[in-house]
Each structure stands twice: as structure tokens, then as C-alpha cells.
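In: Pasting a predicted model and its sequence here:
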Amino acid sequence: MDSAKSRRHITWLPMVLVALLAGLGSVTAQPADWGPMSPSMEDVPYPHSVSFLSFTMYGQDVRMAYMDVAPNGAANGRVVVLLHGGNFFAEYWKGTIEALRNEGFRVLATDRIGYGRSSKPIVPYTLHDMALHIKMLLEEQGIPKAAIVGHSMGGMVTSRFAFSYPEMTTHAVMVNQIGLTDSRLERPWRNPEEQYQASLNRSYESIRRGIERYFITWSPEYEYFIRLHYGWTQSGDWPQFAKVRSRISQMLYADPVVYDWPHIKAKTLVIGGAEDGPNFRALAKNVADTIPNAELVLIDNVGHIPHLEASERFHSELIRFLESDPIPHTEEQSQP
């Protein structure tokens, strides 16, 4: 290379690097007006009034938040409990709540302990306890039985509830349930401190990637979830909330539900966006094949959250299923 060409090359290279860095910054930098958000969701309006169930958990006084929404019009006499996913909260069920109450259902949408407006204690977290808390809420409300609808990690709680309390479960619905295999057979236990540090040090970029992968067709309204998750990391309460999240993550590994499925007696709907990962179709089919009274509905070209991404199709299938007659309960079904 002659000296003139060399000088042109040296001048051009920094300009390219500057342009590349500027481009990266425009993609990964969080919006300047995004500030802290409360992990307790005080700054997020819920679509209906929030009540609390108070109890003691491992020696700590806690409260579980829930919305109790009456039917809009004539009641059909049935109750539906909505259980959110591990990165979400009861508020994101608002469209489903309206669809159900317009069909005459009473709806209970809960924030489990550790989430949303509920208490976030540093305690052991188990699916058994999460299912028990739903049972306690139903008993406190004088509701002998209900349909249990759970999304993502909420689907695991649905599995555990239907397994543990068959006499209280009229229908079980698992929406893009996770925990579709026993993770202990696939990877080793993760050091709890590593798990906590991973939760504590979430970056804007990792949060955006994590939320975007849930959807096949992106909509600007989904930015809301990225803003919330990033805002939590900017809150002074984040270190404690990160500890709670890391403990719940450990629960997902240590407390599989794959062995619950053969013993679920309730009529069950396994439903989800079909494009929720490369193996989801086969894994969801395995769930439906394993549960004795299950059917499978997969929605093409939809990802992890069908009640948001394909709400009309999802709600149509959900209501059809929930309006069907439950399987008559027998005394033998009371034992898992």
C-alpha cells in the first residue's frame, strides 16, 4: 500500500468505528425518560380493585394480592382463577378478565407471593406452597371448586394444584407452560450465589432480548414490559427482589411437575402459541398425551403469550373449553 492509500485507510477506519458504535448505541441504549419502577407495582394501575389475603408463611406475615371480578351480566355460576407467568403479574390478564366476565364467569386473578403487589419475603419458594395459597384463597372466598388457568410458570402451578386438589379443580388450563421436562436430567444445579448475581445484574440489553423472544409479531405495546423490568433494576428495592427472583428460579429446577401429569384427573386444555421455541410443539403434545383427560390446541405463528399476541383466537378456545362440562368427581379422585 502506498503512503496516500495508507493515509486514506487510516482516516477512514476511525470513521467506520464511530459509525458502528453509534449504531450499536442507538439499538441498545435505554430511553432517556425511563426511570425506576416499583417492584411492588404501586406505579402500575390494575384494571380492577385489588384485595389481599393475609397469612403467615415461614414465620413471616405476608399478603397475597388478587382481583375478584364479578361477571358482567348474568352469572354462569363458574369461577376461573388466573395464574401469571414468572416474568409477569395479574395485571397482564386484563383482556382475558374482560373476555371471561362477559361470558358470565367470576374471575380471581392473583399476584402470587413474590410477585406484583404481593409480599416478597426471603423464604423458600415451592410449587406446593403456591398451589396451597390458591386453595386458601378459594376457601376464604367460600368457593368449593374452580377452573385453574396458568400461563408459563403459572402453568406449573396449575399442574401442581390440579394434582394436589382434584376435588377443587373443575378444569385445568396450561398456557405455554414451562417446565416441560425434568431439568435435573439435562443440566447441573447452579450455585445459588451465581443465580443471585445473574438476577441482580440484569442489563437493559438482556431484558430486551428476554421480552422480545416471547413474541413472533412485535407490537409497540409490549415495550411496556421492557420498561417495567428495566425500571425494577433501577429501584432501591431491586437487591431484595433479585433475591426473590433467584430463589424462584431455583424452585423451577428443583420442583418439576412432569411427574404430576399422569395423576391429574380434571379435564385439561394444553394450549399455546406454537412457535414458543423449536421443540414446543412436541413437548406440548407430550403433556397432552400424558394427562389422561387432556386436549391440545396450538396456535400457529404465535409465541409464548397467546392471550396478548392472538387474543381473539385464544379467548375463543379458552371460553369454549371452560364452558364444557367438567368430569364428574369421585371419591377415588381425591387421592393424587
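Out: Sure, I can see it.

In: Pick out the residue closest to the middle of this structure.
Out: Gly85 (0.8 Å; Cα atoms, centre = their mean).

In: Quick one: residues contacting that residue.
Out: By Cβ atoms under 8 Å, 6 or more residues apart in numbering, Gly85 lies in contact with 151-154, 178, 305. C-beta: built from backbone N, CA, C; applies to glycine.

In: Among those residues, which are located in helices?
Out: Among the contacts of Gly85, the ones falling in helices (DSSP state H) are 153-154.

In: Just the helices from the stretch 201-336 of the chain, written as ranges.
Out: Along the stretch 201-336 of the chain, the segments classed as helices by DSSP state H, counting those that start in this stretch run 204-212, 223-233, 238-254, 280-290, 306-309, 311-322.

In: again, but for the stretch 1-150 of the chain
Out: Along the stretch 1-150 of the chain, the stretches classed as helices by DSSP H, counting those that start in this stretch are 3-28, 94-101, 127-140.

In: pretty sure His151 contacts Asn176?
Out: Yes: the pair His151 and Asn176 qualifies as a contact (Cβ atoms under 8 Å) at a distance of 6.3 Å.

In: Now do the shared contacts for these two.
Out: Residues touching both His151 and Asn176 by Cβ under 8 Å, 6+ apart: Ile305.

In: sorry, back to before: what's the closest residue to the residue nearest to the centre of the chain other than its chain neighbours in contact with, if anything?
Out: Take Gly85 and drop its neighbours on the chain: the residue closest to it by Cβ to Cβ, 6 or more residues apart in numbering is Ser152, 2.9 Å away. Contact analysis of Ser152 by Cβ under 8 Å, 6+ apart lists 84-88, 175-178, 304-305.

In: Ser152 and Pro71: what is the separation?
Out: Using Cβ to Cβ, to the nearest Å, we find Ser152 at a distance of 26 Å from Pro71.

In: Same question for Ala147.
Out: Per Cβ to Cβ, Ala147 is found 14 Å from Pro71.

In: more crowded one of those two?
Out: Ala147 (25 against 17; other Cβ atoms under 10 Å).

In: so the more buried one touches Ala162, yeah?
Out: No: using Cβ under 8 Å, Ala147 makes no contact with Ala162, being 10.1 Å away.

In: if we can go back for a sec, may I ask which of the contacts of Ser152 has the most neighbours?
Out: Compared across the contacts of Ser152, Asn176 has the highest neighbour count, 29 neighbours, by other Cβ under 10 Å.

In: Which residue is the nearest non-sequential neighbour of that residue?
Out: Nearest residue to Asn176, sequence neighbours excluded (Cβ to Cβ, 6+ apart): Gly272, at 3.8 Å.

In: How about the contacts made by the one you found?
Out: 174-177, 280, 284, 297-299, 302, 304, 306.

In: pLDDT and distance to Glu317 added to the residues you listed, as TSV?
Out: As requested, those are exported to TSV (pLDDT from 0 to 100; distance: Cβ to Cβ, whole Å):
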residue	pLDDT	distance to Glu317
Met174	98	13
Val175	98	10
Asn176	98	13
Gln177	98	15
Phe280	98	17
Ala284	98	14
Val297	98	5
Leu298	98	10
Ile299	98	8
Val302	98	12
His304	98	16
Pro306	98	9
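
In: Looking at the residues you listed, which one is closest to Ser51?
Out: Of all the contacts of Gly272, the one sitting nearest Ser51 is Val175; the distance, using Cβ to Cβ, is 24.0 Å.

In: The nearest residue to Trp261 once chain neighbours are set aside: neighbour count?
Out: Distances taken as Cβ to Cβ, 6+ apart place Thr290 nearest to Trp261, at 4.3 Å, with adjacent residues excluded. When neighbours are counted by other Cβ under 10 Å, Thr290 registers 16.

In: check contacts around Thr290.
Out: By Cβ under 8 Å, 6+ apart, the residues touching Thr290 are 258, 261-262.

In: Now for these, which sits with the most neighbours around it?
Out: Counting neighbours by other Cβ under 10 Å, the top entry in the contacts of Thr290 is Trp261, with 22 neighbours.

In: Just the terminal-to-terminal distance for stretch 296-316.
Out: End-to-end distance of stretch 296-316 (Cα to Cα, to the nearest Å): 14 Å.
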